[in-house]
Every structure is written in structure tokens, then in C-alpha cells.
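>>> please work out how this folds:
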Amino acid sequence: MIHPTAIIEPGAELAADVEVGAYSIIGADVCIAEGCVIGPHVVIKGSTRIGRGNRFFQFCSIGDEPQSLSYQGEDTRVEIGDNNTFREYCTLNRGTVEDAGVTRVGNNNWIMAYVHIAHDCQVGSHCIFANGTSLAGHVKVEDYVIFGGFTMVHQFCRVGAHSFSAINTVTFKDIPPYLLVSGHTARTHGVHLKGLKRRRFSKSAIAELRSAYKTLFRSGKPLSEALEDIDPQQCGDEVRHLLNFIKESERGVVF
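Residues are numbered from 1 along each chain as shown. Got it, this is the predicted structure:
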């Protein structure tokens, strides 16, 4: 299961059925669980923990030092859940002591070629990263997010659940959950209807979200005033999540 040209450094822990392709390098402090497939020319370094059933295609770089001038060799790490796919040339850097010290990726994510996930990012589950998407440091991504190709997310931004960014989107603010955004810089363009229908959200939940979107983003009022026009106690879980996400935003949200 391990190609003879691969280098597995002493101390690395690999489950018995892990496959490692030609010329790949697995560092001494790497732990890889059952069912993983490591393609050729993959480098996995640092204190990196990888769950079950993950696939890494050729030329991925996982767990190397963060691209941070403040990094001084501290013992930080990467944690990857189960059943993720990392296509060609993906880079995933470990965390820094300036944050949680760990970069995390959840479960069942589809991460296409040339995606960069920087230090201290926290990525949820069931997300799709199209080719060339880049997350700067400290970005938090909730579940079921879809990033269009070459989306760029500024450091410390948050990306809400079930949102969708179109191709070449650039954001310097938080992307609210359930919405579709696009542009440089990003602007909202309504509720992500196709995604919500695909995830089998109820008609009433989608209608509530559309109504809340019009109140918050298209009423002509400042967002702080528009928030007062919606009573959370009269809303479903989805709208409450949208309202709380906006209220908790430190960078401001895409408008």
C-alpha cells in the first residue's frame, strides 16, 4: 500500500490500510486514520491529524508552516476530519499561537485544485471549494458553503452556512448565511434558492428567509435599523441564525 519511493519518517502513525503514492513524504508527527489515500508527490508535515477516508491528490502540501511573519516555530497543528477530498496542489497550513493554534477542516468537504486554506482557519463540513479559492488566515466557514472558483476571503472573515459565492468573488467582510454573493468587492444578490431547495429546506423557511433578506438588505434602511424590524421570537431557526450572525459580526457583513 506504500510505494517504495515514498518517505515515511520514523514516528509517523498510519493505519494499516492507508495508501501512499510515489515520492510522497509523511512527516514524523503525522497521524493518518483508516481508509485514506495519499497520492503521488504529496507532502504532509507538522503536527497533523487526519481522520478516516480522506483522499489527497498529487502535489498537495498539508500541515507545513503558516505563512505568517510572526511564526517562530511554535508547536501548532492541523486537524482534518473524515471523508474529505483534496484535489491537486491544495495547500493547508497549520495554526499560529496568535489564535487557537490549530487549522481545522471538518467532514465531507470537496476541495478542488489550487485551493489555499491558511493558518488558523476553521472550516465546517459539507463545503465545496471550487478551483483557486483562497482563505486568508483566521477565516471561519460554517457548514454547506459553496465557494465559486477563485473566491478570495480576507483574514478574520466569517462565511455563513449554506451561502454561495460566485466566481471571482472577493470579500473583506462576513458573508451572511443562506445568501448568494458576488463581485469585487462582494455584494448580496438574494437568497441562495437553488442551494436551499437542494438541501430540502421547507417552502415556509425559504419564504421567511426571502422576506428577511428584503427587510435587511433592500429596505433602504441602515442595517442596524432594519434589524429592529424583525422580531426573532416570531421567526424560524434559519432567520434567527441569520439575525444572530449579523449581530455578532465584528467586520460587518456583505451588503
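>>> what's the domain layout of the chain?
7-141, 197-248 (automatic domain parsing).
>>> okay if I get those as a markdown table plus distance to Phe150, mean pLDDT and mean neighbour count?
(C-beta placed from N, C-alpha, C; glycine too.) Below are these laid out as a markdown table (distance: least, Cβ to Cβ, whole Å; pLDDT from 0 to 100; neighbours: other Cβ atoms under 10 Å):
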| stretch | distance to Phe150 | mean pLDDT | mean neighbour count |
| --- | --- | --- | --- |
| domain 7-141 | 4 | 98 | 20 |
| domain 197-248 | 23 | 97 | 15 |
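>>> of the ones you listed, which is nearest Pro176?
Closest approach to Pro176 among those (Cβ to Cβ): domain 197-248, 5.6 Å.
>>> just to revisit the earlier point, which among the domains of the chain is found nearest to His184?
That would be domain 7-141 among the domains of the chain, by Cβ to Cβ, at 13.4 Å.
>>> which element is Lys214 on?
Secondary structure from DSSP states H and E places Lys214 in helix 203-217.
>>> contact partners of that helix?
178-179, 188, 190-191, 193, 196-197, 223, 226-227, 229-230, 235-236, 238-239, 242-243, 246, 255 (Cβ atoms under 8 Å, 6 or more residues apart in numbering).
>>> try 7 Å
By Cβ atoms under 7 Å, 6 or more residues apart in numbering, the surrounding residues in contact with helix 203-217 are 178-179, 188, 190-191, 193, 196, 223, 226-227, 229-230, 235-236, 238-239, 242, 255.
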